[in-house]
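# attaching a predicted model along with its sequence, questions to come.
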Amino acid sequence: MTNPTTTTTTRRVAARRMTTAAVAAGLALGLTACSTTGTTGPAADDATGTAKPHGYVEGASEAQEPQVRLLAVSAAGETAVHDLLSGETTALDDVEAPEHSATDGRFLVSSTEDRTTIVDGGSWTVDHGDHTHYYAAEPRVVGSIDGGGPVEVHSSETMTTITWPERGEGVVLDRAALGQGDVEETVRIDATVLLPFGEQLVAGTDDGVRVLDADGEPSGAEAACTDPAGGIVTRAGAVVGCSDGAVVLGEDGETTTVALPDGAARPTAFSARAGRPTVAGLAGDRGAWLLDSREGTWRLVETERPLRAVTAVDDEDEHVVGVDDQGRVVVIAATTGAVATTEPLLDPGEQPLLQLDAQRAYVADASGQQVHEIDFADGARLARSIDLAAAPVTFAEVGL
């Protein structure tokens with residue numbers, strides 16, 4: 001097996017400090033500048049004087065639609081990208097045999113007990129609110145970081161955070177450098193949850209939920225949160241799971257504690273379609289919790305069988321997609337209560353790997369060496385099964 005490309009990890013301390021109010025103002029200014037087509041025009045390249053197109057990213061091409069790809073790694077570390085638009089599959093360098101994985105919609109982060117590896121799927125979406133950019137570049141194995149265990153990854157336009165919850169440690173990487181193939185570490189923080197939020201960080205620690213600046217120093221709101229576990233950034237704010245519910249930090253810098261009913265089984269992870277305010281988490285053996293991060297409310301969606309994975313589409317019918325303990329994909333329309341299921345598609349002993357976008361859900365089938373594509377809006381119809389060169393034990397849908 002080819003060893004993964006190892007990139008030297010460097011530490012830089014960024015001198016950026018910004019309050020949440022300033023972040024909101026900066027985001028608003030960025031949106032205004034991005035959507036303006038008036039007097040100044042696009043920035044010119046200093047060397048050539050040539051105007052760069054709006055949304056220019058070095059080394060990437062811009063497309064008119066999402067460049068959706070499936071990025072998969074086998075138990076032996078064989079790594080490949082399957083382009084859902086062209087149907088072509090590209091083999092990448094092998095990585096260490098993965099035991100855990102997570103994705104932010106561009107990067108697949110896999111880990112062993114000792115090392116964490118980052119693979120760039122080479123496609124991503126930038127949502128600026130009033131318009132969206134779709135990018136494509138060459139996929140590649142970027143590099144690795146010492147330390148491993150179960151892992152989480154989240155990204156903003158400027159920062160990528162990788163967290164190892166069992167170790168209670170997180171790292172912040174320069175997102176632009178990562179996109180160019182360099183692992184540049186800016187700060188390490190003791191946290192079980194670490195989320196990029198504008199130019200700041202939201203950390204779940206033994207002291208509760210805290211807003212930090214880019215150097216890891218306290219810079220904003222704090223909120224009580226016992227045993228923080230599971231985090232996600234939505235269109236409405238940053239969510240951190242707690243033993244009795246969740247803390248939501250809004251764009252206005254205010255925190256809201258959303259309590260679960262007494263005795264309710266808490267979710268320890270959240271999943272949702274990119275850019276939506278409602279997220280899903282497992283509700284013990286009862287089904288799923290839906291958390292509306294904008295309204296600050298929980299809703300229980302009960303299922304016939306316990307779920308082992310779940311995510312929220314947050315579309316007009318409020319579809320919730322899960323995988324149950326029999327290996328079936330389960331689709332619930334929360335608006336009507338309608339339920340549809342597939343036949344068992346996975347070995348019940350497999351840990352389900354579930355991803356989705358606005359039209360389809362994808363579930364990796366390691367025993368069948370396939371990824372199954374499900375049309376969740378059409379009665380959980382199995383649209384197709386995509387054969388892969390190796391059985392996927394870690395998997396991501398990228399380009400979202």
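Sure thing, it's come through. Numbering: from 1, shown residues only.
# where does pLDDT dip in the stretch 301-400 of the chain?
Judged against pLDDT under 70, the stretch 301-400 of the chain has no low-scoring part.
# okay, strands next: where are they in it?
Per DSSP state E, counting those that start in this stretch, the stretch 301-400 of the chain carries strands over the ranges 307-312, 319-324, 329-333, 338-341, 354-356, 361-365, 370-375, 381-387, 392-398.
# redo the ones you listed as JSON lines? Include mean neighbour count and distance to residue 297.
Quick note: C-beta positions are derived from backbone N, CA and C, even for glycine. Listed next are the strands of the stretch 301-400 of the chain as JSON lines, based on neighbours: other Cβ atoms under 10 Å; distance: least, Cβ to Cβ, whole Å:
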{"stretch": "strand 307-312", "mean neighbour count": "24", "distance to residue 297": "13"}
{"stretch": "strand 319-324", "mean neighbour count": "26", "distance to residue 297": "15"}
{"stretch": "strand 329-333", "mean neighbour count": "24", "distance to residue 297": "17"}
{"stretch": "strand 338-341", "mean neighbour count": "16", "distance to residue 297": "22"}
{"stretch": "strand 354-356", "mean neighbour count": "23", "distance to residue 297": "22"}
{"stretch": "strand 361-365", "mean neighbour count": "25", "distance to residue 297": "24"}
{"stretch": "strand 370-375", "mean neighbour count": "20", "distance to residue 297": "28"}
{"stretch": "strand 381-387", "mean neighbour count": "14", "distance to residue 297": "31"}
{"stretch": "strand 392-398", "mean neighbour count": "26", "distance to residue 297": "28"}
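# reformat the ones you listed as TSV; add distance to residue 227.
Below are the strands of the stretch 301-400 of the chain laid out as TSV (distance: least, Cβ to Cβ, whole Å):
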stretch	distance to residue 227
strand 307-312	21
strand 319-324	24
strand 329-333	28
strand 338-341	32
strand 354-356	25
strand 361-365	30
strand 370-375	34
strand 381-387	39
strand 392-398	27
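# once you drop chain neighbours, what's closest to residue 158?
Once flanking residues are discounted, residue 158 sits nearest to residue 175: 5.4 Å by Cβ to Cβ, 6 or more residues apart in numbering.
# now that neighbour. Its backbone dihedrals?
Backbone torsions of residue 175, given as degrees, to the nearest 10, read phi -70, psi -40.
# picking that back up, so which of the strands of the stretch 301-400 of the chain is nearest residue 218?
Closest to residue 218 of those, according to Cβ to Cβ: strand 307-312, at 31.4 Å.
# does anything pack onto the closest one? Which helices or strands?
On a contact count with 3 or more Cβ pairs under 8 Å, 6 or more residues apart in numbering; DSSP states H and E, strand 307-312 meets strand 278-282, strand 287-292, strand 319-324, strand 354-356.
# repeat that with 6 Å
strand 278-282, strand 319-324, strand 354-356 (3 or more Cβ pairs under 6 Å, 6 or more residues apart in numbering; DSSP states H and E).
# picking up where we left off before, the strands of the stretch 301-400 of the chain: which one's closest to residue 166?
strand 392-398 (17.5 Å).
# bridge partners for the nearest residue to residue 321 once chain neighbours are set aside, pull those for me.
Counting by Cβ to Cβ, 6+ apart, residue 321 lies nearest to residue 361, which is 4.8 Å off, once chain neighbours are set aside. On the basis of DSSP bridges, residue 361 is bridged to residue 356, residue 374.
# the strand or helix carrying residue 101: partners in the sheet, and parallel or antiparallel?
Secondary-structure assignment from DSSP states H and E places residue 101 in strand 100-103. Here strand 100-103 is paired, per DSSP bridges, with strand 107-111 (antiparallel).
# pull the partner strand out as PDB, backbone CA atoms only.
This file holds the C-alpha atoms of strand 107-111, laid out as PDB (Å, rounded to 0.1, in the frame of the first residue of the first chain):
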ATOM      1  CA  PHE A 107     -12.800  17.100   2.900                       C
ATOM      2  CA  LEU A 108     -13.000  13.600   4.200                       C
ATOM      3  CA  VAL A 109     -11.100  13.200   7.400                       C
ATOM      4  CA  SER A 110     -10.300   9.600   8.400                       C
ATOM      5  CA  SER A 111      -8.400   8.400  11.400                       C
END
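# show residues contacting it.
Strand 107-111 is touched from outside by 71, 73, 98, 100-102, 117-120, 148, 151, 153, 162, 394, 396, with contacts defined as Cβ atoms under 6 Å, 6 or more residues apart in numbering.
# now the angle from that strand to strand 392-398?
Interaxial angle, strand 107-111 versus strand 392-398 (axes from the mean of the first three to the mean of the last three Cα atoms, to 10 degrees): 160 degrees.
# tell me the mean pLDDT over strand 107-111?
Strand 107-111 shows a mean pLDDT of 98 in the predicted model.
# and after that strand, which helix or strand comes next?
strand 115-120.
# measure residue 128 to residue 275 for me?
Distance, residue 128 to residue 275, using Cβ to Cβ, to the nearest Å: 11 Å.
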